[in-house]
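**Q** A predicted structure for the sequence below; I have some questions about it.
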Amino acid sequence: MAVPIIFFLSAAAVIITFMFLYFSTRHKERMSLIESGRDASIFDERAPKRKTSSALKYGLFFVFIGFGVLMGIFMEEAFRMPDAGGVIPSVLISGGLALLLYYKITKDNAMEDRITKDREHETV
């Protein structure tokens, strides 16, 4: 009976501790920026930010996860593997590949943006 109570209280204490540390550190960082006279506009949430396509990231991730499940089931049937011996590694590998592909796509797009901006500055 005491184990669930101890677990709940310790989980709540960990969550509260992390929240306190997060907000107190954030406050200290902002105050030190303001005291040193630096621009604190990085904290302005209304400022325009570079948009990244989260739809592309999640779309790639879930398509590759589905592909990993199919490949895992195929491997289990073809090689007569035990319970989920092929599905779990296939899902993890394909999910990782999807995130690496997303990173490469965004990196290439950022490079193209820089090249385009450099060409615009040269023509002006």
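**A** Yep, it's here. Numbering: from 1, shown residues only.
**Q** tell me which residues in the longest helix seen in the chain are buried?
**A** In the chain, taking DSSP state H as the definition, the longest helix is helix 87-123. Across helix 87-123, burial judged by 16 or more other CB atoms under 10 Å covers 87, 90-91, 94-95, 98, 102. All C-beta spots, glycine's among them, are computed from the backbone N, C-alpha and C.
**Q** which of those residues sits closest to residue 13?
**A** Nearest to residue 13 among the buried residues of helix 87-123, counting by CB to CB, is residue 95 at 32.2 Å.
**Q** OK, contacts around that closest one?
**A** Neighbouring residues of residue 95 by CB atoms under 8 Å, 6 or more residues apart in numbering: 61, 64-65, 68.
**Q** per-residue pLDDT, it?
**A** Listed pLDDT for residue 95 reads 94.
**Q** next one: residue 44
**A** 69.
**Q** cool, and residue 49?
**A** 57.
**Q** and what of the one 10 residues further on?
**A** Each residue has a pLDDT score; the one for residue 59 is 93.
**Q** residue 108 versus that one, what's the distance?
**A** 17 Å (CB to CB, to the nearest Å).
**Q** flag the shaky bits of the chain, pLDDT-wise.
**A** 1, 40, 42-52, 121-124 (pLDDT under 70).
**Q** now with 90?
**A** 1-5, 26, 29-55, 72-73, 75-87, 106-124 (pLDDT under 90).
**Q** quick one: residue 103 and residue 110, what's the gap?
**A** 11 Å.
**Q** before we move on, back to that, nearest to residue 77, of the contacts of residue 95?
**A** Nearest to residue 77 among those is residue 68, at 15.0 Å by CB to CB.
**Q** quick check: the two most widely separated of the contacts of residue 95?
**A** 61 and 68 (10.4 Å).
**Q** picking that back up, JSON lines for the contacts of residue 95, including neighbour count, distance to residue 36 and secondary structure?
**A** Shown next, in JSON lines, are those (neighbours: other CB atoms under 10 Å; distance: CB to CB, whole Å; DSSP: H, G, I helix; E, B strand; the rest coil):
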{"residue": "61", "neighbour count": "18", "distance to residue 36": "40", "secondary structure": "helix"}
{"residue": "64", "neighbour count": "22", "distance to residue 36": "45", "secondary structure": "helix"}
{"residue": "65", "neighbour count": "16", "distance to residue 36": "46", "secondary structure": "helix"}
{"residue": "68", "neighbour count": "23", "distance to residue 36": "49", "secondary structure": "helix"}
